[in-house]
Structures are given as C-alpha cells and as structure tokens.
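[1] Fold the following for me, if possible:
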Amino acid sequence: MDNKEILIKIAEGRATRAEIAEFTDFVSNLSEQEYNNLLLDYEEIMVNLGIDIPFEEDLLGDVHRRIQFAESEHRAEQGRVVSLRSQRWWVAASVVAVLGLAGYFLVSKFSSGDQFSEIGASTVQTQTDIAPGGNKAILTLADGTKIILDSANNGAISTQGNITVIKLGDGELSYQPETPNLKPETHNSQPTTYNTITTPRGGQYQLVLADGSKVWLNAASSLTYSTAFAGNERKVTLTGEGYFEVAHDASKPFFVSTGAMDIKVLGTHFNVNAYGDDGQLQTTLLEGSVEVSNSGNSVVIKPGQQVQVNKGGVGLKIVDHVDLGQVVAWKEGVFYFNKNNIREVMNQLARWYDVSITYEGTFSGRTFSGQMKRDLKLSQVMKILEYNNIKYQIIGKQMIISP
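    A predicted model of the protein is given here:
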C-alpha cells in the first residue's frame, strides 16, 4: 500500500489501528525531502476531500494550529488533542486529529527510545473528577483587610493614599494613581504601604502595579509590593511563580526577591519560578537584561538564558538556549512538558488542580513530552498519562500514582 492510499484510508475513516500505527512509524523515519513530499501529498488529499486549509504560515503551521485548537464532536467528548514536539510526528498526528479520528496523542519518552501512544474512546473516571483551576486570588491590604478577588465586583475596591485599586475584570487587578501626573516628590511624601496578592492552589491572577509594570501569578503564589513605589527603588517579594513585564525607569530600578534569589532589572520581560519543589529555582529572561544575585554572587543574563539556583539556595548556574515557550506556557494557559519526569509533571498538575500526590513504585528513566490546554478536567489530563502506562486513582483531593 503506497503513502497516498493509506492517507486516503485514514481520511475516509477506513484505516485500522494497526495501519495507523505502521504509518506513524514510517513517518518517524523519513528524510527531510521525503517528509516534505509527504506534506505535499497531505495538502493534495485535503483539497481533494474538500477540506479547507486556511494557511496562516505554511502547511505545518496550519496543522499545528488545528491540533491545538480545532475541536470536533468527538474531541468534545474525549478531550483536546495534545500538540507534539517532534515535527515528524505532526503529519501522522494531524491526519488523524484534523478528521477527528482520535482523542489524544502524547509522546512518552523512555531511556530505551520513543514510544508513541494513541488514545481512543475509553471510559473516563468521572466519579471523582476535578475541574481545572481559574482566576482566584486574595488581596491583603495594608491594614490587614482581605478581599476575595474572584467574588468581588468590578471597579474600585480600595483607595490607599493617592492610589485606587481597581478590579478591571475577571482575573485582572490594577493600581492607578488618582492624579496621574502627580510629581514624584508628592508620591515620596506619602507613607509607604504594602499589599499582598495571593493565589491558592488552583488559582491564577494578573495585576498592573502603580508604575505600570505587569505581573502574572501562577497557582500557589504570592506577591508583596508597595502600593505607590515611593523612594528610589521598586521592590517586590515573590513566592511561587510569576511572569513580569517591568515598566522602564532608569532612575528607579526594579527588584524581585524570592529569598534564595534577588533579581535587579531596569525594564524587561522575565519569568521567575521560585517553587523549589522540582529541586531548583529559576529566573528566565525573555527581553532586556537582569542581574541575579545569591549568597554574595551575581550574574547578568541575556534573553534566552536562565539562571538556576539549587533547592538549598546555593549556587548560580546559567543555562543557554532555554525553550522560552515551555517556560511561559502556564501564562498562555498551556501545560508544556519537554522531557519532564513524572514528579515534575505531577507537581504542575497538583498545584493547578489542588490535589496532593502519593507515589507507589518507581518511575526511573521515564520522561514525558507534549502540550495540552490547562482548561481540561483532571480525568482528561490523567487519561493521557494512563495510556502511557501510568496508573492513577483519585480519592477526594488525594491522587495515587503508580507505574
């Protein structure tokens, strides 16, 4: 059977699971030229079948978009498609995914090589299903007053000195000066007050600080900051994970303190992961320049670099050519795993779905790669891992994982 014949069989829904598995193995071993030829065949078949392919960049880009975002009635029942990291898997996955012939795909990588698993229709554990996290946070004002932001009405919720705290909408908070053109010395004459925004497990939030800097907080995180940034510096304290877009002000440097790391910046975009439950803390730079300090040592990093500090808060290690998409995927509403071990995967799921994890057995040498939206229910996410030889049981807020 030639390539076009199997593509047509898959498109028409006549291909068996064995034929699809054989086809994916075939694609993984193609040369670059053979791979490109197959892409042309794919385009021709889609056109002949009357399936519109609105190319935004190229065929591969369209396949990528469809895998991540296209939905069919079948996927509405079974879950969304996981986008794969290896380009040569795109064709095999897309032929099935675009036509709605399968539910999920995930590449599960073992020390002995790559294993590709297809997930079809199967029973999902729904008795104890858990919904994904959402926009949830508690704001603690300078006087100790606590405001539950997810249930607060939009609009002004507090006034502190010259600053009005405004809930802009679901998941957004802004600190706005009542007099935007107020002179700096007037700001400096006002008492320094601090607020803290805290996201629970299963929560996330974003805010605009008084200087115009933007911060996105991941689940189980907190940020303490001045309401007006009086004085000659801007300083915040972070626990958990946050993404920062700092407003430029050369006369007033911006500092982020995590306890184990101190980050100095004038104006830039960067991500700070200070959870520490994966064995290290990380600062990753997307734009600009930052200086990271720890235990008397400091380094300056460039865009695309990451500074790592071990869990004990000792040492500064620079990593080049970091996958920035993976680092900020949480901000974009995506789980993104790239050769992550089971504990790294489950740490993210535990924070987002507010569950505790117990491990039974060993998972040595096994890593996982793939992407999936963070708006899936927990059972849908775990079904992906289950079809890659991971067993699980949910009891209330407790999850038991075994190989």
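[2] who's in contact with Asp150?
    If you count contacts by CB atoms under 8 Å, 6 or more residues apart in numbering, Asp150 has them with Gly134, Asn135, Lys136, Ala137, Asp170, Gly203. Heads up, the C-betas are built off the backbone N, CA and C, glycines and all.
[3] Mind checking what secondary structure it has?
    Of the three states, Asp150 takes helix under DSSP: H, G, I helix; E, B strand; the rest coil.
[4] pLDDT value on it, please?
    pLDDT for Asp150: 92.
[5] Could you do Ser117 as well?
    Ser117 carries a pLDDT score of 33 in this model.
[6] Just the contacts of Asp150: which are in strands?
    Using DSSP state E, Gly134, Asn135, Gly203 are the members of those that sit in strands.
[7] Between the contacts of Asp150, which sits nearest Thr227?
    Ala137 (16.3 Å; CB to CB).
[8] how close does that closest one sit to Ser158?
    14 Å (CB to CB, to the nearest Å).
[9] Between the two, which has more neighbouring residues?
    Legend: neighbour count by other CB atoms under 10 Å for Ala137 and Ser158, higher for Ala137 (24 against 19).
[10] Just give the nearest non-adjacent residue to that one, would you?
    Tyr205 (3.9 Å; CB to CB, 6 or more residues apart in numbering).
[11] I'd like to know how many residues surround the one you found.
    Neighbours of Tyr205 using other CB under 10 Å come to 26.
[12] For stretch 332-345, which outside residues touch it?
    The contact list for stretch 332-345, computed with CB under 8 Å, 6+ apart, reads 85, 109, 278, 323, 325-326, 329-330, 348-349, 352, 359, 363, 366-375, 381, 385, 390, 401.
[13] Quick check on the residues you listed: which are buried?
    85, 109, 326, 329-330, 348-349, 352, 363, 366-374, 381, 385, 390, 401 (16 or more other CB atoms under 10 Å).
[14] Out of those residues, name the ones that lie in helices.
    Gln326, Gln348, Leu349, Trp352, Val381, Leu385 (DSSP state H).
[15] picking up where we left off before, strands - which of the buried ones among the contacts of stretch 332-345 land there?
    Among the buried ones among the contacts of stretch 332-345, the members found in strands (DSSP E) are Lys109, Thr367, Phe368, Ser369, Gly370, Gln371, Met372, Lys373, Ile401.
[16] Tabulate these (JSON lines), appending distance to Glu287.
    Putting these into JSON lines (distance: CB to CB, whole Å) gives the following:
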{"residue": "Lys109", "distance to Glu287": "31"}
{"residue": "Thr367", "distance to Glu287": "30"}
{"residue": "Phe368", "distance to Glu287": "29"}
{"residue": "Ser369", "distance to Glu287": "26"}
{"residue": "Gly370", "distance to Glu287": "27"}
{"residue": "Gln371", "distance to Glu287": "23"}
{"residue": "Met372", "distance to Glu287": "27"}
{"residue": "Lys373", "distance to Glu287": "26"}
{"residue": "Ile401", "distance to Glu287": "37"}
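[17] For the residues you listed, point out the one with the lowest pLDDT.
    Pick the lowest pLDDT in these and you get Lys109, at 33.
[18] Before we move on, what's the pLDDT of Phe335?
    At Phe335, pLDDT is 93.
[19] what comes up buried for the helix or strand hosting it?
    Using DSSP states H and E, Phe335 sits in strand 334-341. Under the neighbour-count criterion of 16+ other CB under 10 Å, strand 334-341 has Val334, Phe335, Tyr336, Phe337, Asn340, Asn341 buried.
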